[in-house]
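Visitor: Can you look at this prediction? I've put the sequence above it.
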Amino acid sequence: MKSHSLNLLLTLALAVLPAGCSGPKTSHAASRPGAVASSADLGDRTWGISCLSVASARKLPDHKAELDTQIWMGGVVQVLKRGTNSLWFFVQTADGYSAWLEKGTFVRCTREEIAAWTNSPLLLVTALEDVILAEPRPNAEPVSDVVVADLVKALGRRGEWVQVELPDRRTGFLPASSVEDYRQWASRREPTPDNIERTGRRLMGRPYLWGGDSPKGLDCSGFTKLVFFLNGIELHHNAGLQSRQGAAVPLDQDLSQLRKGDLLFFGRRGAGGRPEQIFHVGIYLGNKLFLHSSERVQINSLDPASPIRDERRIRTLLRVRRVIRDHEHGAPA
């Protein structure tokens, strides 16, 4: 089993990875002249921690710009450059995405402060959605919303409530039933096919959102990333890159080699010098059924005779990957 660990919070990939489902998204990192200032003015505060339930990282330093990816509360980024108006910062996420975050959606900090955060008594939000309240009572004033996979710091227990601190030092209370000790949670992950299906079904009906990876809205790879993360497996937020993870599964007309929990990849085959393109991903459930985010999180079928068939996906299924490891042999089954 590949369990999610705190190392991810401190590990930054070198590649710039586009998010989304429907084809490559080129990074406009600093493609606009004058869009960024020198990193020299950042001093030693070249790291950051998301302080919103999901911080939206955009292709350009503008609210109207395309959403590239989202960063869950407590997620660490490296700050690369400051925008010329000082309202936006160009950052790189722990899984390698480079995009723009607005000031106030994350807290800039030093490397030492990042280490202090990751070594603190962190709680992982396990409720799909909840609200941090100013006082331990249901009708108290909200402090912040939270979503599943967010991280907050534990300050203490008060009856059925737990007091928490956000990365920006705001404090409040959450129901104790909505969080778990992060380290204990991570140590108990069991990425079995049934657990993958159970987690995915919790998100049924949630809306599609390009670049989204939370219950507020998910694109196809954001959906698979979240589902597998909650079961202890780390995936990229990018369908093309997910298609390189795990082990290849032989694909035949009857889908006879597929198992529940396999990742299905859809796209366009390469031809005439044109490269192959992956533009969608879903989770196989068995019996030719699959779970994916397309319009909303839903179940469709690869059976042409099924009333819930997805004819486009039937035509464009390209490959299958298995990322769930076989516990007996310690390798992808």
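Guide: Yep, it's here. Residues are numbered from 1 along each chain as shown.
Visitor: how about residue 220, what does it touch?
Guide: Under the criterion of C-beta atoms under 8 Å, 6 or more residues apart in numbering, the neighbours of residue 220 are 21, 208, 239, 280-282, 292-294. (Each C-beta comes from the backbone N, C-alpha and C, glycine too.)
Visitor: which residues does residue 290 contact?
Guide: 264, 282-284, 299-302, 313.
Visitor: and the gap between it and residue 311?
Guide: Distance, residue 290 to residue 311, by C-beta to C-beta, to the nearest Å: 14 Å.
Visitor: ok, now residue 164?
Guide: From residue 164 to residue 311 the distance is 47 Å (C-beta to C-beta).
Visitor: of those two, who's got more company?
Guide: Shown here are residue 164 and residue 311; by other C-beta atoms under 10 Å, residue 164 has more neighbours (24 against 10).
Visitor: Now do the longest strand seen in the chain: which elements does it pack against?
Guide: Using DSSP state E, we find that the single longest strand of the chain is strand 277-286. Contacts defined by 3 or more C-beta pairs under 8 Å, 6 or more residues apart in numbering; DSSP states H and E place strand 277-286 against helix 193-201, helix 220-229, helix 239-242, strand 263-268, strand 289-294, helix 311-316.
Visitor: Alpha carbons of it, in CSV - could you do that?
Guide: The C-alpha atoms that make up strand 277-286 are tabulated as CSV, following Å, rounded to 0.1, in the frame of the first residue of the first chain:
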residue,chain,number,x,y,z
GLN,A,277,-4.0,12.6,-26.4
ILE,A,278,-5.7,11.5,-23.1
PHE,A,279,-8.6,13.8,-22.3
HIS,A,280,-10.7,11.9,-19.7
VAL,A,281,-10.3,9.4,-16.8
GLY,A,282,-12.8,7.3,-14.8
ILE,A,283,-12.9,4.5,-12.2
TYR,A,284,-13.9,1.0,-13.3
LEU,A,285,-16.6,-0.7,-11.1
GLY,A,286,-17.0,-4.0,-12.8
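Visitor: Top of the contacts of residue 290 by number of neighbours, please.
Guide: Highest neighbour count within those, by other C-beta under 10 Å: residue 282, with 30 neighbours.
Visitor: Can you give me the neighbour number for residue 158?
Guide: 12.
Visitor: So what pairs up with it in the strands?
Guide: residue 161 (DSSP bridges).
Visitor: ok, it touching residue 172?
Guide: No: taking contacts as C-beta atoms under 8 Å, residue 158 lies outside contact range of residue 172: 11.5 Å.
Visitor: so who does residue 192 touch?
Guide: Applying C-beta under 8 Å, 6+ apart to residue 192 gives the contacts 231, 261, 324.
Visitor: what's the answer for residue 85, then?
Guide: Shown in contact with residue 85 (C-beta under 8 Å, 6+ apart): residue 61.
Visitor: where's it, which helix or strand?
Guide: Taking DSSP states H and E as the criterion, residue 85 maps to no regular element, lying outside all helices and strands.
Visitor: Backbone dihedrals for it, please?
Guide: Main-chain dihedrals, residue 85, degrees, to the nearest 10: phi -100, psi 0.
Visitor: And the chain, what are its domain boundaries?
Guide: 7-116, 120-187, 193-332 (automatic domain parsing).
Visitor: now those domains as JSON lines including mean pLDDT?
Guide: Listed next are the domains of the chain as JSON lines, based on pLDDT from 0 to 100:
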{"stretch": "domain 7-116", "mean pLDDT": "78"}
{"stretch": "domain 120-187", "mean pLDDT": "98"}
{"stretch": "domain 193-332", "mean pLDDT": "93"}
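Visitor: Perfect, I'm done here.
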